[in-house]
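Asks: Sequence and predicted model, in that order:
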Amino acid sequence: MNFSKDQVYKKSFSVNCRGRKLQIDNTKIMGVLNVTPNSFSDGGDFLEPELAIEKIDKMTAEGADIIDIGGESTHPDSVPISDVEELKRLTPILERLDFDKGPLFSVDTRKPTVTREVLKAGVHIVNDINGFTDEEMIDSVLGTNVALLVMCPGKVKEIYPPTKKSNIEDSVHAFFESKLAELKNKGLGSIIIDPGIGFDKSKYENIKLVNELGKFKDFNVPVAIGISRKGFIGSITNEEIPRDRLIGSIVTETFAAANGANIIRTHDVKHSLQGLNMLNSLINNYKENTN
């Protein structure tokens, strides 16, 4: 597949994140920090606030534009936790962050009560894996000027059956078409969308979505994608342990960036940025030397 520079950066965006701007002129990096005992890849690694802050500092130094902090695991075998427990994990970290400079901070939560509390702390972005399908989640962000990362939920095929069995992108597109209209009607305009790689989707459907990212550009909002260390990469590369899926992750992330992703959500900030830098250099040098 041949990529042109125009394919990589189809459009620039400026997203208002509670008074700070996320200026997207090239693909941005969102570093992942899970402060949980049971996340599929780094569960238990950063439960201690000191270790979490060290990881934030490391990802910042490596070039993360955004850091996404999650206090509840959402893999299929996980058990939901209470609002109190989720906040107990998040609060000691949020209390130590500088929200006025450095990377933007996002919290990955699907709970309205947690959302209200992290917004009081100063968080710039709320990342909801349920795609703000809960009306109370929408109410919790009204009037806050927070940016929303709206992920297509896992059960999307049940809500919006695809025109053909293989056309998962039809279902995802239908969800975003409806949800973005609803959010904008409520005055919520700082929106980023995420097709939800790995959530109730087959290996083929995940691959199809990465290939069809361009179909979501007509919404005129940034597209984020979370591929890092996910199961479909392990099934292709025969790597059972998530940490061993680095090369497969970087290749897929770089392909996604070339195919239109504006934000890459990753566990491996340094290596993901290396992949993007190589992509940019290859394309720019090729064009400069063939014009």
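Replies: Yep, it's here.

Asks: This structure: strands as residue ranges?
Replies: Here the chain has its strands, by DSSP state E, at 13-17, 20-24, 28-34, 66-70, 104-108, 125-128, 147-151, 191-194, 224-226, 263-266.

Asks: export those strands to a markdown table and tack on mean pLDDT, mean neighbour count and distance to residue 240?
Replies: To be clear about C-beta, it is placed using only N, CA and C from the backbone, and glycine gets the same treatment. Listed next are those as a markdown table, based on pLDDT from 0 to 100; neighbours: other CB atoms under 10 Å; distance: least, CB to CB, whole Å:
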| stretch | mean pLDDT | mean neighbour count | distance to residue 240 |
| --- | --- | --- | --- |
| strand 13-17 | 97 | 17 | 37 |
| strand 20-24 | 97 | 16 | 35 |
| strand 28-34 | 96 | 26 | 19 |
| strand 66-70 | 97 | 24 | 23 |
| strand 104-108 | 98 | 25 | 25 |
| strand 125-128 | 98 | 25 | 27 |
| strand 147-151 | 98 | 26 | 26 |
| strand 191-194 | 98 | 24 | 26 |
| strand 224-226 | 97 | 28 | 20 |
| strand 263-266 | 98 | 27 | 20 |
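
Asks: Turn those strands into JSON lines, columns for distance to residue 279.
Replies: Below are those laid out as JSON lines (distance: least, CB to CB, whole Å):
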{"stretch": "strand 13-17", "distance to residue 279": "19"}
{"stretch": "strand 20-24", "distance to residue 279": "16"}
{"stretch": "strand 28-34", "distance to residue 279": "13"}
{"stretch": "strand 66-70", "distance to residue 279": "19"}
{"stretch": "strand 104-108", "distance to residue 279": "23"}
{"stretch": "strand 125-128", "distance to residue 279": "25"}
{"stretch": "strand 147-151", "distance to residue 279": "23"}
{"stretch": "strand 191-194", "distance to residue 279": "20"}
{"stretch": "strand 224-226", "distance to residue 279": "15"}
{"stretch": "strand 263-266", "distance to residue 279": "11"}
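
Asks: Name the residues of stretch 208-220 that are buried.
Replies: Neighbour counts over stretch 208-220 (16 or more other CB atoms under 10 Å) mark 208, 209, 210, 212, 213, 215, 216, 219 as buried.
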